[in-house]
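Engineer: Please work out how this folds:
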Amino acid sequence: MLPARKRGILRENWVYLFVSSLLLFVGIMGGIQLEAILPLGVGGDGSGGLNPLLSQLQQLVQFYQPYTPLTALIILGKNTLSAALSFFSGFTFFIPGGVLLVNGVVLGYVGAGAAATRSLEFALGSLVPHGVVELTGLIFATAGGLRFGVAFWRKISSLVLHKVYSFKTEFFGALKLFIISLALLEVAAVLETYLTPYIMGL
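Structural biologist: Reported below is the predicted structural model:
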């Protein structure tokens, strides 16, 4: 059972969390469909070489060294940047959604490719241990950004219409979601650096 305070946060923000989860799901499904069109490890010219998307991903992965604090910091920095972009650009609405969609597409693409070229167990072992926590953190960041965006435009509307609106209350409510996301991303970075490589070694 969740503590009453946590249940309150979830109830208070269920719409934003639901929309964020839906965006992630759509991204993952899009990534799976993309892998069916451009299979992992197959060049776009049918030569059997690495496809362009995988080549770009490999350029990022080369900096990943498991079991090192520096790797955890790099992962945390990357994820924190995504979370901050999702939150502080909330007034645009499409940027937070876009960040989550892109993460979902990458997850779906790599996961489907790993399952097709290796095995489902390999794909789950490489993505699930840290991915569940990491993606939950990004969902919370996006939900916070969406709530911040709604509050921002309601405040603008209240100024134009000369109505009273408590932007501060809504902003701090959104900020709680962002803080939760940062805590989850810290845990995810540690899991990705230390637990996931161990499971892959097994």
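
Engineer: Only C-alpha atoms from now on, for both contacts and neighbour counts.
Structural biologist: Fine.

Engineer: who touches Y165 in this structure?
Structural biologist: 154-155, 158 (CA atoms under 8 Å, 6 or more residues apart in numbering).

Engineer: Could you export those residues as TSV, including distance to F172?
Structural biologist: Converted to TSV, the contacts of Y165 look like this (distance: CA to CA, whole Å):
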residue	distance to F172
R154	15
K155	14
S158	18
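
Engineer: Select only the buried ones of the residues you listed in PyMOL?
Structural biologist: Applied in PyMOL, the following selects the buried portion of the contacts of Y165 according to 16 or more other CA atoms under 10 Å:
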select buried, resi 154+155
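
Engineer: So the residue lying farthest from the centre of the chain versus G149, what's the distance?
Structural biologist: Distance from the C-alpha centroid of the chain, by CA atoms, centre = their mean, peaks at H162 (37.7 Å). From H162 across to G149, the span is 20 Å (CA to CA, to the nearest Å).

Engineer: show me where the chain has helices.
Structural biologist: Remark: helices assigned in the chain by DSSP state H are 4-12, 14-37, 52-61, 69-88, 94-117, 120-161, 167-190, 196-201.

Engineer: And the residue farthest from the centre of the chain, how close does it get to R147?
Structural biologist: 22 Å.

Engineer: which secondary element of this protein has the worst mean pLDDT?
Structural biologist: helix 52-61 (a mean of 61; mean pLDDT, DSSP states H and E).

Engineer: Fine, thanks again, bye for now.
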